[in-house]
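K.L.:
Give me a 3D structure for the following:
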Amino acid sequence: MKKQKIRKIYDKLDKYFGDLGWWPADSAFEVIVGAVLTQNTAWKNVEKAIEQLKQNKLLDPKKIESLSDARLSRLIRSSGYHRVKSERLKAVCRFLEKECGSRVNKLKKAGAASLREKLLSVKGIGPETADSILVYAFSKPVFVVDAYTRRIFSRHGLAGKDASYDEVQSVVHENFPMAHRKLNQFHAFLVETGKRFCKRKKGLCKECPIKGL
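P.N.:
Got it, this is the predicted structure:
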């Protein structure tokens, strides 16, 4: 039952949205930076912060790690919680130096499970951030769970309202093709559906492309 419903939801959203082209970035490291900065903020604010790093030619793990906390905080101020995120970015950069000598693309050869475990050991990286990095930076077959996913799955009877991150993720991993491309798209579709239709207080159900499923 869940398998059929999930595939119907995907097919409907695929037909409605088409290719959403997630994640917009020029490199794996840019995706990693974006995944950290997007915590608790809108993507437009992250774009401004990344642009600041690019303009100053600092979008590089070694360069970010060498910056003073004060300067890095100023550069990423638009992303909110800039002091906390400055610490987290530096922690990620130290991790990258330790794991691959800051040659980020080398991590694409790592197994998804082991790399996920290592990412989760980095201060400030939780399951959603780790999985975003895995799927969008390293093309690993992992499904990202966020608030939109929880809300949509709960309203469509696919997961309980208070289901854990792992429980919601398992619904997809057990009932959907474990292909990087499709998992990438599915998460993007759900985010757009949540933003446009499945709103927190009152959903626009009559207009939603997956109404009745």
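K.L.:
Point me to the helix or strand that includes Leu204.
P.N.:
Assigned by DSSP states H and E, Leu204 belongs to neither a helix nor a strand.
K.L.:
For the closest residue to it other than its chain neighbours, report the pLDDT, please.
P.N.:
Closest residue to Leu204 apart from its sequence neighbours, by Cβ to Cβ, 6 or more residues apart in numbering: Phe197 at 4.7 Å. C-beta: built from backbone N, CA, C; applies to glycine. pLDDT recorded at Phe197 is 96.
K.L.:
Tell me how many other residues crowd Phe197.
P.N.:
17 (other Cβ atoms under 10 Å).
K.L.:
next one: Val84
P.N.:
13.
K.L.:
The nearest residue to Ala110 once chain neighbours are set aside and Ala28, how far apart?
P.N.:
Spatially, and ignoring its direct neighbours in sequence, Ala110 is nearest to Phe138 (7.6 Å; Cβ to Cβ, 6+ apart). Using Cβ to Cβ, to the nearest Å, we find Phe138 at a distance of 7 Å from Ala28.
K.L.:
Mutual contacts of the two, please.
P.N.:
Leu107, Lys108 (Cβ atoms under 8 Å, 6 or more residues apart in numbering).
K.L.:
Just the buried residues of the host helix or strand of Gln169, please?
P.N.:
If you go by DSSP H and E, Gln169 is part of helix 165-175. Neighbour counts using 16 or more other Cβ atoms under 10 Å place Tyr165, Val168, Gln169, Val171, Val172 of helix 165-175 among the buried residues.
K.L.:
can you pull the contacts of the third one?
P.N.:
I take that to be Gln169. Pro127, Asp131, Phe143, Val145.
K.L.:
Could you check how far stretch 102-118 is from the centre of its chain?
P.N.:
16 Å (Cα atoms, centre = their mean, to the nearest Å).
K.L.:
One more: stretch 74-84?
P.N.:
With Cα atoms, centre = their mean, you get 19 Å for stretch 74-84.
K.L.:
middle-most residue in the protein, spatially?
P.N.:
Ser132 (3.2 Å; Cα atoms, centre = their mean).
K.L.:
Need phi/psi at that residue.
P.N.:
Dihedral angles of Ser132 (phi, psi; degrees, to the nearest 10) stand at phi -60, psi -40.
K.L.:
Name the nearest residue to it, sequence neighbours excluded.
P.N.:
Spatial nearest neighbour of Ser132, excluding adjacent residues (Cβ to Cβ, 6+ apart): Ala35 at 4.3 Å.
K.L.:
Residues contacting the lengthiest helix in the chain, please?
P.N.:
Taking DSSP state H as the criterion, the chain has its longest helix at helix 82-100. Residues outside helix 82-100 that contact it (Cβ under 8 Å, 6+ apart) are 29, 32-33, 36-37, 39, 61-62, 64-65, 69, 72-74, 76, 79, 102, 104, 106-107, 118-119, 122-125.
K.L.:
now stretch 174-191
P.N.:
2-3, 6-7, 10, 13-14, 17, 19-20, 22, 135-136, 139-144, 146, 148-149, 152, 172.
K.L.:
Show me which of the buried residues of helix 165-175 is closest to Glu51.
P.N.:
Tyr165 (30.6 Å; Cβ to Cβ).
K.L.:
Good, we can wrap up now.
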